[in-house]
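[1] have a look at this fold, sequence not included:
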């Protein structure tokens, strides 16, 4: 059974700092891995999706990597801003693209001005 | 874009009543939609997969008679919480897959259900 873990649970950094969020999964036979952002009381915003054949994806200041062999994905945020403060969730689709995502518990990021 | 809406955003109901939550894909067709539940400070838990024109597939431990799902069209899925109890209070989020964009899922803004 796939399990997804995110460390740390919470992170506080000063504005401008580069940071890395970690996501690990137990079953390497994933179809894809997706990173989301969730603001308090809101739904999820898709940030990046990495298919199993890919190693990384980039969008603006965000870069996500995927290492299936080690069961890990990282989300790199460059030059963090207060507006980046939110909870970041990773989710693995290990079910042959049926879309049944298994979520980690998230990392709550606070970027201080 | 790929926009998914939910209605209502917040609902308060009395114990024993039923509540219907709608999930709509506004600018694309979604043959498959998903319903998730999120407890405070917890992650999302998949409840069921909603397939247009067929019965929903429920995850283990989810009561299908309590959480009724109907996917009547390519843009609308509904979740009805029947005979609601306070323990059903939660944040319910739906998502939809947009097949022509590959495998990404797009999530609705969520519905906060409070059962008193």
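    Thanks, I have the structure now. Values in this document were obtained by computation on a predicted structure and should not be read as measured data.
[2] tell me the contacts of residue 10?
    In the absence of a named chain, this looks at chain A. Listed by Cβ atoms under 8 Å, 6 or more residues apart in numbering or on different chains, the contact set of residue A:10 reads A:107-110. C-betas here are computed from N, CA, C, even on glycine.
[3] look at chain B instead
    B:111-112, B:114.
[4] for residue 46, give the beta-bridge partners.
    Unless you meant another one, I'm taking chain A. When bridges are called by DSSP bridges, residue A:46 pairs up with residue A:36.
[5] meant chain B, my bad for not saying
    residue B:36.
[6] verify the contact between it and residue A:100 for me.
    Yes - using Cβ atoms under 8 Å, residue B:46 is in contact with residue A:100, at 5.8 Å.
[7] mutual contacts of the two, please.
    residue B:34.
[8] give me the pLDDT for residue A:69.
    Among the per-residue scores, residue A:69 holds a pLDDT of 92.
[9] count the residues that sit near it.
    6 (other Cβ atoms under 10 Å in any protein chain shown).
[10] list the contacts of it.
    Residue A:69 touches residue A:28, counting by Cβ under 8 Å, 6+ apart.
[11] just residue B:66 next, same as before
    Contacts of residue B:66 (Cβ under 8 Å, 6+ apart): B:81-83, B:88.
[12] okay, these in TSV with neighbour count and pLDDT next?
    TSV is the format used below for these (neighbours: other Cβ atoms under 10 Å in any protein chain shown; pLDDT from 0 to 100):
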residue	neighbour count	pLDDT
B:81	23	97
B:82	15	97
B:83	12	96
B:88	19	96
